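Colleague: sequence below, structure please.
(chains A, B, C and D)
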Amino acid sequence: MIVRVQSEDFDPEQEARALTATGAGARVSFVGTVRDFSAGSQITALDIEHYPRMTEAELTRVAQQAQRTWDLLDVLIVHRYGRLRAGDRIVLVVTWAHHRKAAFRGCEEIIDVLKTRAPFWKKEITEDGATWVSGEIPASLE
Amino acid sequence: MIVRVQSEDFDPEQEARALTATGAGARVSFVGTVRDFSAGSQITALDIEHYPRMTEAELTRVAQQAQRTWDLLDVLIVHRYGRLRAGDRIVLVVTWAHHRKAAFRGCEEIIDVLKTRAPFWKKEITEDGATWVSGEIPASLE
Amino acid sequence: MVTVRCFAGVRETLGLSTCTYALEKPMSAQAVLTAVAGERLSALSAPPLVAINMQHSRLENLVCDGDEVAFFPPVSGG
Amino acid sequence: MVTVRCFAGVRETLGLSTCTYALEKPMSAQAVLTAVAGERLSALSAPPLVAINMQHSRLENLVCDGDEVAFFPPVSGG
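Modeller: Residues are numbered from 1 along each chain as shown, chains lettered A, B, ... in the order given. Predicted structure coming up:
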């Protein structure tokens, strides 16, 4: 299992090669990117702040939970922080499993849970200032 | 949209770069590989036969259907034929969408439907001979 | 004239890969199969799947002059 | 002594990034927040989320000597 938080961009295939889950019949990857800012908006970039060490710890917990639930052979999560622009990659989640259902379900669960638990915060940067993106409350704490 | 059938291996990331779905917030990729043959088996390889031109036509229909259903921004399918060994990649499906749910659902639907409709047939090769893998009957024809 | 193609186990069992068949008038895919396979038809363990002009069809569907009809076992791709 | 950290909007609103706070005995995360934020606490539009030792917790959970307690808004990663 690899869990990494970094400001640098990543190459999804290169990352996935670092793990070779022998016997895996299925590999599912999710790449999340910064959507184009809407035409009328003044947004020029996104700043992602995080809580160092807790992000890694929380992503590891999320990955371990999904690995147990879906019997995944391996999991990779890379999440970026810092300044990002439209089209930039933010997050990569890769799951390996014997069968495709488990790989799909596991990958989707990781990205869903990550969005409510991993301590990242997005700020939209405009020419006049910046606004925090409203976040999600972890289901288990609601 | 790209749909391709080939005997050569492919690089999942390289393939995905050929399509840049601007505005896509989510990209989901599925890579299917030949599972390890079980320890006791005599299987040494897999031969994949296909119906040239119908495979492309059918994969295109499957991709178009999923694109409509899930409002996908773009779809890529690459499927191999010929002789493959344990660990070799067989198929790549990539979907781009504004949001992750659509990208996940679309990708999974394509691989599910492809398995029952695209005219490929697998044969397991052993030292003594070969056996066709029993296939799936398209749901719409059952 | 129709083009007849067989794939995978059906091709092997019937000993038939590609052939042409002269139709007098539209006939069912089943009838085309019976005509080209002859007695080897009984060697098939189950009715094959059929595609007419590279679209999944049924054995009772009609095949017309100029069509391509294909017979094959359930598929196993992906 | 506990380490207190604030992130994102909570950090900006309270004007507080990291500080330490000397505890006499275990107290709730809410009490630590009240102690370190002072009057600026009322500027928060909603109660923050809290993590104790980098695990999601609740404001009523106890913080002990040596702990790290963090306050932040709902997360928005991925």
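Colleague: need the residues of chain A near chain B, please.
Modeller: Neighbours of chain B within chain A, by Cβ under 8 Å from any Cβ of the partner chain: A:11-14, A:16, A:22-36, A:87, A:98, A:100, A:103-104, A:107-108, A:111. C-beta here means a position set from N, CA and C on the backbone, and glycine is covered the same way.
Colleague: go on, chain C?
Modeller: Counting by Cβ under 8 Å from any Cβ, chain C comes close to chain B at C:5, C:7-9, C:49, C:51, C:54-56, C:58, C:70, C:72-78.
Colleague: need the contact list for the closest residue in space to A:Ala24 that isn't next to it in sequence.
Modeller: Leaving aside its chain neighbours, A:Ala24 sits nearest to A:Trp96 (4.0 Å; criterion: Cβ to Cβ, 6 or more residues apart in numbering or on different chains). Residues in contact with A:Trp96, defined by Cβ atoms under 8 Å, 6 or more residues apart in numbering or on different chains, are A:19, A:21, A:24, A:26-27, A:72-75, A:103.
Colleague: could you redo the last one with a cut-off of 7 Å?
Modeller: A:21, A:24, A:27, A:72-74, A:103 (Cβ atoms under 7 Å, 6 or more residues apart in numbering or on different chains).
Colleague: roughly how far does the most centrally placed residue in chain C sit from C:Cys64?
Modeller: The C-alpha lying nearest the average C-alpha coordinate of chain C belongs to C:Phe71 (Cα atoms, centre = their mean; 3.6 Å). C:Phe71 sits at a distance of 17 Å from C:Cys64 (criterion: Cβ to Cβ, to the nearest Å).
Colleague: my guess is A:Val113 is in a strand, correct?
Modeller: No. Counting by DSSP: H, G, I helix; E, B strand; the rest coil, A:Val113 falls outside a strand, being helix.
Colleague: name the SS class of C:Gly66, please.
Modeller: What three-state DSSP gives for C:Gly66 is coil.
Colleague: is it true that C:Arg11 touches C:Cys19?
Modeller: No. Counting by Cβ atoms under 7 Å, C:Arg11 does not reach C:Cys19; the two are 11.2 Å apart.
Colleague: so which of these two has more stuff around it?
Modeller: More crowded of C:Arg11 and C:Cys19, by other Cβ atoms under 10 Å in any protein chain shown: C:Arg11, with 20 against 11.
Colleague: and that one, what does it touch?
Modeller: Counting by Cβ under 7 Å, 6+ apart, C:Arg11 makes contact with C:Ser17.
Colleague: what's the weakest-modelled helix or strand in chain A?
Modeller: helix A:12-17 (a mean of 88; mean pLDDT, DSSP states H and E).
Colleague: hang on, the earlier thing: mind giving me the ChimeraX command for buried ones among the residues of chain A next to chain B?
Modeller: In ChimeraX, a selection of the buried entries from the residues of chain A next to chain B looks like this (16 or more other Cβ atoms under 10 Å in any protein chain shown):
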select /A:12,13,16,24,25,26,27,28,29,30,31,32,33,34,35,98,100,103,104,107,108,111
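Colleague: pLDDT of stretch A:108-118, averaged?
Modeller: On average, the pLDDT along stretch A:108-118 is 96.
Colleague: element containing the residue nearest to the centre of chain C, please.
Modeller: Per DSSP states H and E: C:Phe71 is located in strand C:68-72.
Colleague: and A:Ala57, that one's in a strand?
Modeller: No. Note on A:Ala57: no strand contains this position according to three-state DSSP, which reports helix.
Colleague: now do the contacts for the closest residue to it other than its chain neighbours.
Modeller: What sits nearest to A:Ala57 in space, not counting adjacent residues and going by Cβ to Cβ, 6+ apart, is D:Met54, at 5.0 Å. D:Met54 is in contact with A:53-54, A:57, D:68, counting by Cβ under 7 Å, 6+ apart.
Colleague: mind listing what the residue nearest the centre of chain A touches?
Modeller: Central residue of chain A (Cα atoms, centre = their mean): A:Val91, 3.6 Å from the mean position. Neighbouring residues of A:Val91 by Cβ under 7 Å, 6+ apart: A:32, A:78-79, D:78.
Colleague: tell me the pLDDT at it?
Modeller: A:Val91 is given a pLDDT of 97.
Colleague: ok, A:Glu8 next?
Modeller: At A:Glu8, the pLDDT recorded in the model is 97.
Colleague: name the nearest residue to it, sequence neighbours excluded.
Modeller: A:Arg80 (7.4 Å).
Colleague: what's the burial count for that neighbour?
Modeller: Neighbour tally, A:Arg80, other Cβ under 10 Å: 24.
Colleague: that one touches A:Val31, doesn't it?
Modeller: No. Using Cβ under 7 Å, A:Arg80 and A:Val31 do not qualify as a contacting pair, with a distance of 11.3 Å.
Colleague: now do the shared contacts for these two.
Modeller: Common neighbours of A:Arg80 and A:Val31, counting by Cβ under 7 Å, 6+ apart, are A:Arg89.
Colleague: where's the residue lying farthest from the centre of chain A relative to A:Glu49, distance?
Modeller: Within chain A, A:Asp128 marks the point farthest from the mean C-alpha position, 28.9 Å out by Cα atoms, centre = their mean. Taking Cβ to Cβ as the measure, A:Asp128 and A:Glu49 are separated by 20 Å.
Colleague: likewise for A:Glu56?
Modeller: Where A:Glu49 is concerned, A:Glu56 sits at a distance of 15 Å (Cβ to Cβ).
Colleague: same check on C:Val4?
Modeller: 66 Å.
Colleague: which residues in the chain form helices?
Modeller: Picking chain A for this. A:12-17, A:54-70, A:100-117 (DSSP state H).
Colleague: nope, chain C
Modeller: Going by DSSP H, chain C shows helices at C:8-14, C:29-37.
Colleague: got these as a markdown table, with distance to D:Val32 columns?
Modeller: Output for the helices of chain C, formatted as a markdown table (distance: least, Cβ to Cβ, whole Å):
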| stretch | distance to D:Val32 |
| --- | --- |
| helix C:8-14 | 70 |
| helix C:29-37 | 78 |
